[in-house]
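**Q** build me a structure from this.
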Amino acid sequence: MPVSYNIVTGGNVVSGVQQPLLNFTLTLPDTYSGQNFTFSGIIMPVGPTGGLSSAIALTGSPIALPSVPASGTTYWLLQANLSTGAVTLLTSSTATPTVSSGCQMLASGAIGHTDTVPWNMGVAAATVSGGSAPTFPDLC
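**A** Numbering: from 1, shown residues only. Purely as a prediction, here's the structure:
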């Protein structure tokens, strides 16, 4: 069964610095093969005067999941461009990728070479090998 997350974070001033606002839904499939991340929502970046700018719709859904690696781990990161709302997937075999300049992280995670399901939550460990829930930003 796919898992959906509804994320609302940010929009506050923290230590005198305005944080962007994220309001989105991310749906994760229950298998890897031929599956996608699907998402919808908005991002409100920090404007030139320090407050929040107008909402920008997230675009690019769906995005294909990384494949299960033959060995090791594939680290992934979904990011949204703060100017356009375009969402892209970054992957690495060594560590969680770094967010690109002008972007905001939406979610990140890892896929191990023995994983059989993307998000092993509430599934008997004896029947599957899977990753854990993804990490989401906490912008206060």
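**Q** contacting residues for the residue nearest the centre of the chain?
**A** Centroid-nearest residue in the chain, with C-alpha atoms, centre = their mean: residue 107, separated by 2.2 Å. Listed by C-beta atoms under 8 Å, 6 or more residues apart in numbering, the contact partners of residue 107 are 5, 26, 77, 78, 134, 135, 136. All C-beta atoms are positioned from the backbone trio N, CA, C, and that covers glycine.
**Q** poorly predicted segments of this structure, please.
**A** By pLDDT under 70, the weakly predicted segments of the chain are 31-34, 117-133, 140.
**Q** repeat that for 80
**A** 1-3, 29-35, 115-140 (pLDDT under 80).
**Q** would you map the strands across it?
**A** Applying DSSP state E to the chain gives strands spanning 3-10, 13-14, 17-18, 21-28, 36-44, 56-57, 63-64, 73-81, 87-92, 103-112.
**Q** for residue 50, which of the ones you listed is the nearest?
**A** Taking C-beta to C-beta, strand 17-18 is the member of those nearest to residue 50, at 5.4 Å.
**Q** burial of the closest residue to residue 102 other than its chain neighbours, as a residue count?
**A** Leaving aside its sequence neighbours, residue 102 sits nearest to residue 82 (C-beta to C-beta, 6 or more residues apart in numbering; 5.6 Å). Residues near residue 82, counting by other C-beta atoms under 10 Å, number 18.
**Q** got the CA positions of stretch 47-60 in PDB?
**A** Only the C-alpha atoms of stretch 47-60 are listed here, as PDB (Å, rounded to 0.1, in the frame of the first residue of the first chain):
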ATOM      1  CA  GLY A  47      11.200  37.400  -0.800                       C
ATOM      2  CA  PRO A  48      13.700  40.100  -1.500                       C
ATOM      3  CA  THR A  49      12.400  42.300   1.400                       C
ATOM      4  CA  GLY A  50      12.700  39.400   3.900                       C
ATOM      5  CA  GLY A  51       9.000  38.300   4.100                       C
ATOM      6  CA  LEU A  52       7.400  35.400   2.200                       C
ATOM      7  CA  SER A  53       6.900  35.600  -1.500                       C
ATOM      8  CA  SER A  54       3.800  34.400  -3.400                       C
ATOM      9  CA  ALA A  55       3.200  30.700  -3.500                       C
ATOM     10  CA  ILE A  56       4.800  28.700  -6.300                       C
ATOM     11  CA  ALA A  57       3.300  25.400  -7.300                       C
ATOM     12  CA  LEU A  58       5.600  22.300  -7.200                       C
ATOM     13  CA  THR A  59       6.100  20.800 -10.600                       C
ATOM     14  CA  GLY A  60       7.700  17.700 -12.100                       C
END
